[in-house]
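**Student:** Can you look at this prediction? I've put the sequence above it.
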Amino acid sequence: MPVDEILLEADDQMEKALTHLRNEFRGIRTGRASTGLVEGLKIEVESYGSTMTLKELANLAVVEGNTIMVKPFDPSTLKDIERGIEKSDIGINPQNDGKMVRLPVPPLSTERRNQLIGRIKDLTEKQKVSIRNIRRDANKTLQAEQKSKVITEDDVKSGEKQVQELTDGYIKQVDTLLEDKSKEIMEV
């Protein structure tokens, strides 16, 4: 496998790790209401006999700046949606009016903000480890290609340098995401 292919594959995998982190961050509550808080919630729908995401079951909208409105496509799933939200760990009590569910997003306490900061730091560290593992795998592939005489020692050194630059770039992006999300959580 040529060096370019190894680098492309590593870049692709690192990008997926970054995308995963962005998606994880969308589900973490800040002081503002956002449909990203609930759209990925898994809801068990008894009448369908399956588990679906809330986004697949209902229209989601933010109303009045601090309330998420959940209007199911099928009114028979309303109770399942309410039960699913209650079981989740988002810390919002659903209000069912018979046609839709309202989720008033209360302001965060300082203690809860600090807990969320700790959680996003954990998520960030996991993705950094993932990116470093991708670097390690790419370097191993480079070494294996050299052993099988596909690429030269110079190619390996050059490739390892490029893999490290790629890794540094993605780690920096992860740190930027962490910093931005931390600021967002701490806003009052």
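**Tutor:** Thanks, I have the structure now.

**Student:** contacts and neighbour counts: CA atoms only from here.
**Tutor:** OK.

**Student:** most remote residue from the protein's center?
**Tutor:** residue 149 (40.1 Å; C-alpha atoms, centre = their mean).

**Student:** Show me what the helix or strand that residue 142 is a member of is packed up against.
**Tutor:** Per DSSP states H and E, residue 142 falls inside helix 110-147. Applying 3 or more C-alpha pairs under 8 Å, 6 or more residues apart in numbering; DSSP states H and E, one finds that helix 110-147 contacts helix 3-26, helix 153-186.

**Student:** Now do the contacts for the residue lying closest to residue 54 once chain neighbours are set aside.
**Tutor:** Excluding the flanking residues, the one nearest residue 54 by C-alpha to C-alpha, 6 or more residues apart in numbering is residue 39, at 5.1 Å. Residue 39 makes contacts with 53, 54, 55, 60, as judged by C-alpha atoms under 8 Å, 6 or more residues apart in numbering.

**Student:** Neighbours of the second one, how many?
**Tutor:** With neighbours defined by other C-alpha atoms under 10 Å, the count for residue 54 comes to 21.

**Student:** Repeat that for the last one.
**Tutor:** Residues lying near residue 60 (other C-alpha under 10 Å) number 20.

**Student:** Beta-bridge partners for it, please?
**Tutor:** When assigned by DSSP bridges, residue 60 has beta-bridge partners residue 70.

**Student:** hang on, it packs against residue 67?
**Tutor:** No. Counting by C-alpha atoms under 8 Å, residue 60 does not reach residue 67; the two are 10.5 Å apart.

**Student:** I figured residue 44 was touching residue 52, is that so?
**Tutor:** Yes. Under the criterion of C-alpha under 8 Å, residue 44 makes contact with residue 52 at 6.5 Å.

**Student:** In CSV: the helices and strands packed on helix 110-147, plus distance to residue 98, mean pLDDT and mean neighbour count.
**Tutor:** Putting those into CSV (distance: least, C-alpha to C-alpha, whole Å; pLDDT from 0 to 100; neighbours: other C-alpha atoms under 10 Å) gives the following:
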stretch, distance to residue 98, mean pLDDT, mean neighbour count
helix 3-26, 28, 91, 17
helix 153-186, 33, 92, 17
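
**Student:** can I get these in JSON lines with distance to residue 117?
**Tutor:** What follows is these, written out as JSON lines (distance: least, C-alpha to C-alpha, whole Å):
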{"stretch": "helix 3-26", "distance to residue 117": "11"}
{"stretch": "helix 153-186", "distance to residue 117": "6"}
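
**Student:** Report the rounded mean pLDDT for stretch 34-51.
**Tutor:** Averaging pLDDT along stretch 34-51 yields 82.
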